[in-house]
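K.L.:
starting from these lines, generate the structure:
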Amino acid sequence: MSEFVYSNDNLSESEPVSNKPETIWGIVITCIILSWICVCLRLYVRFKIVHAAGWDDLCVVLYLLTITAGSIAICLAVTYGLGKHFLQLESWQYKGFLKTFYVANATYVTSTALIKEALLLQYLRVFDRATFIRRFVVALIVFTALWGFAYSFLAWVPCVPVHDYWSGKSDPYCYGYGSQSPAPLAATFESHAAINMVLDIMVLSIPLPLLFENGTSSSARVRLAALLSMGILVLVFATWRFVTLVEHDVATWPTRDPTWYGPISIILTILEVDAASVCASVPIFWPVLRDMGWGKIFVTKEINITRETRYVDNDQDRLTHGTTNSITGSEMDLGCGGGRGWGKQETHCHESYVLSQVNPFRPSIEQTQTCARSDVPKNSAKKWIKI
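P.N.:
Okay, the predicted model is just below:
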């Protein structure tokens, strides 16, 4: 039997901005579109450009699917009374809201674990083997997986059978997120939110040593600083959400009114997980967008670039002796090197590029090299031309 207390004492409260349909729809739709853009750009870089997809990308894909389902459920929940007082809902709205909230809550619990796993698995590409930080990351991956599985089970199976969660049965067998008592329900929501904040702090703190590591390039430090800034924003949303849950004791105080006290927590949920997806994706695709200058896509000028060529006294190479060869600026943009004898350097250049996208925080040790053959015919003196 339900132990919740329903009252109309709060019907005189002014409507918060977070309860308005346009606010809920606007934030949820904007965030999910931004998340799709960032994740798709990340996957494009990993699959099409560097061909170095990993388990972290699988977690991001699963996250995107779950949070999309949750976002759709939240948008539908507005039509079933989200933002209004629970006692003012009709019976069809009551059941519809519980169904959509069931999907939204379960997908949030799963997606927040998946996006953390994606970040932690990304860290495995950064830190060397046999180091304390790497072992710590592995341990945190295992703990996060167990935490996510446990709370996901409570969210996806809150009652036995599951449909008792929204059926309105007088004495359902429910627990955790489906508990019919205020204390267990609040404990489930608040414990998950508290552990979530602690994990956010730990995940955010792991890459901090890279800021002070010798050999870390300035560009890597900038990317790391951007990652930390976005991570702090995620932590702010998670903390704010925890405060709203405690403030109204998970929508059970001063009266049980989940559709009235719930919207602010739901909005912060979307902001938190979508910001985390941006945080996990931007360091992967941003270096590629930054390096894609328009000059490498549209060729407007051709510039002849020359370089010196070493000749020995007995130059018997008929392929170079007395001939001219050139390479234009448009050709230079298409590869790392050109001409005879640069095959090995070209391979090194491509490998370095791939590594920079797989691990966006690796130190930059490569030097840019330009190559072209001289347009000046060789003469008998075989003079050197200094560039």
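K.L.:
what's around the nearest residue to residue 61 once chain neighbours are set aside, how many residues?
P.N.:
Spatial nearest neighbour of residue 61, excluding adjacent residues (Cβ to Cβ, 6 or more residues apart in numbering): residue 43 at 7.2 Å. Glycine gets a C-beta too; all of them are placed from N, C-alpha and C. By other Cβ atoms under 10 Å, 18 other residues sit near residue 43.
K.L.:
same question, the one 10 residues further on
P.N.:
As a burial measure, residue 53 scores 15 neighbours (other Cβ under 10 Å).
K.L.:
how close does the residue nearest to residue 61 get to residue 62?
P.N.:
Applying Cβ to Cβ, to the nearest Å, the value for residue 43 to residue 62 is 12 Å.
K.L.:
again, but for residue 172
P.N.:
From residue 172 to residue 62 the distance is 30 Å (Cβ to Cβ).
K.L.:
pLDDT of stretch 272-280, averaged?
P.N.:
Taken as a whole, stretch 272-280 carries a mean pLDDT of 94.
K.L.:
hmm, I was thinking of stretch 224-239
P.N.:
For stretch 224-239, the mean per-residue pLDDT is 89.
K.L.:
same thing with stretch 185-204?
P.N.:
96.
K.L.:
now the strands: where do they sit in the protein?
P.N.:
For the chain, the strands defined by DSSP state E occupy 304-305, 327-328.
K.L.:
confidence-wise, which of these is weakest overall?
P.N.:
strand 327-328 (a mean of 39).
K.L.:
so, low pLDDT: which residues of the stretch 101-250 of the chain?
P.N.:
By pLDDT under 70, the stretch 101-250 of the chain has no low-scoring segment.
K.L.:
which residues of it fall in helices?
P.N.:
132-156, 164-167, 182-205, 208-211, 218-247 (DSSP state H, counting those that start in this stretch).
K.L.:
residue 90: which of those is closest?
P.N.:
Set against residue 90 and scored by Cβ to Cβ, the helices of the stretch 101-250 of the chain come closest in helix 164-167, at 14.4 Å.
K.L.:
tell me the buried residues in the closest one?
P.N.:
164, 165, 166 (16 or more other Cβ atoms under 10 Å).
K.L.:
then stretch 48-59?
P.N.:
Across stretch 48-59, burial judged by 16+ other Cβ under 10 Å covers 50, 56, 57, 59.
K.L.:
how far does it stretch from start to finish?
P.N.:
18 Å (Cα to Cα, to the nearest Å).
K.L.:
between residue 172 and residue 62, tell me which one has more neighbours.
P.N.:
Using other Cβ under 10 Å as the criterion, residue 172 and residue 62 rank with residue 172 on top: 20 against 17.
K.L.:
could you pull up the residues touching the more buried one?
P.N.:
If you count contacts by Cβ atoms under 8 Å, 6 or more residues apart in numbering, residue 172 has them with 159, 164, 165, 178, 180.
K.L.:
just put those residues in CSV and tack on distance to residue 139.
P.N.:
What follows is those, written out as CSV (distance: Cβ to Cβ, whole Å):
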residue, distance to residue 139
159, 33
164, 37
165, 34
178, 31
180, 37
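K.L.:
and these, which is closest to residue 152?
P.N.:
Ranked by distance to residue 152 (Cβ to Cβ), those are led by residue 178 at 13.7 Å.
K.L.:
and the gap between that closest one and residue 120?
P.N.:
30 Å.
K.L.:
residue contacts, the nearest residue to residue 64 once chain neighbours are set aside?
P.N.:
Leaving aside its chain neighbours, residue 64 sits nearest to residue 39 (5.0 Å; criterion: Cβ to Cβ, 6+ apart). Residues counted as contacts of residue 39 (Cβ under 8 Å, 6+ apart) are 60, 61, 63, 64, 277, 281.
K.L.:
what do you get for residue 101?
P.N.:
73, 77, 82, 258, 262.
K.L.:
save these as a markdown table, and put in pLDDT, distance to residue 268 and neighbour count too.
P.N.:
Shown next, in a markdown table, are the contacts of residue 101 (pLDDT from 0 to 100; distance: Cβ to Cβ, whole Å; neighbours: other Cβ atoms under 10 Å):
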| residue | pLDDT | distance to residue 268 | neighbour count |
| --- | --- | --- | --- |
| 73 | 98 | 16 | 20 |
| 77 | 97 | 15 | 26 |
| 82 | 97 | 14 | 26 |
| 258 | 95 | 15 | 20 |
| 262 | 96 | 11 | 26 |
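K.L.:
no further queries at this time; thank you.
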